[in-house]
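Asker: build the 3D model from these lines:
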Amino acid sequence: MTESDTDQVGPADAPVFAVADIGMTLDADGGYWPTAVIDVGPGDEAITDLARVHAVEGVGDIRTEAAALALAPEQVTEEATHLFVLAIMVTSPVRCTFGISFVLPAQVRVLSEVAEHGHLVIATTSPDEVNAAVDDPGAIPPLWLAIDVDADLLARAVAELL
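Answerer: All right, here's what the predicted structure looks like:
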């Protein structure tokens, strides 16, 4: 990859997924994880498969960067003044770059929780699908991807917008 192929937050052709829902996930040890649900469609199976790869191969190396984008004046509402894009660059055990975009201030709560906890769960299937799988003894619930983030940098970036 050459310098002209990238911008500040990764390759220019990396997919960016809108955050459809936010919340908290309770892990097996009773810990809470800030969670962002993204809508991964056909053709984006590599993103969906990241959680399985990390479960089998180990977490590997993940780096994050963030950028805030002000919405055009005609798009601004009380709930939406900025898009906050979190770029995720995975370099091992596989190479993959993608972004997730949060609408601010509507989804700022989960970003504050990510900054507080230092990690984020990226859900690539709806919570309803996971709950249905949990209720079915024969089903295997889908895996979600958990990543660590630089909590201090994220907290400063979000604070500058609010």
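Asker: residues in contact with Pro42?
Answerer: Listed by C-beta atoms under 8 Å, 6 or more residues apart in numbering, Pro42 has no contact partners. In this view, the C-beta of every residue, glycine as well, is placed from N, C-alpha and C.
Asker: where in this protein is pLDDT low?
Answerer: 1-12, 162 (pLDDT under 70).
Asker: would you map the helices across the protein?
Answerer: With DSSP state H as the criterion, the chain has helices at 45-57, 108-117, 127-135, 151-161.
Asker: return the most buried member of those helices.
Answerer: Of those, the one with the most neighbours on average (mean count of other C-beta atoms under 10 Å) is helix 108-117, at a mean of 19.
Asker: follow-up on the earlier one: using CSV, lay out the helices of the chain together with distance to Pro34.
Answerer: Converted to CSV, these look like this (distance: least, C-beta to C-beta, whole Å):
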stretch, distance to Pro34
helix 45-57, 16
helix 108-117, 4
helix 127-135, 14
helix 151-161, 11
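Asker: so which of these gets nearest Tyr32?
Answerer: helix 108-117 (7.5 Å; C-beta to C-beta).
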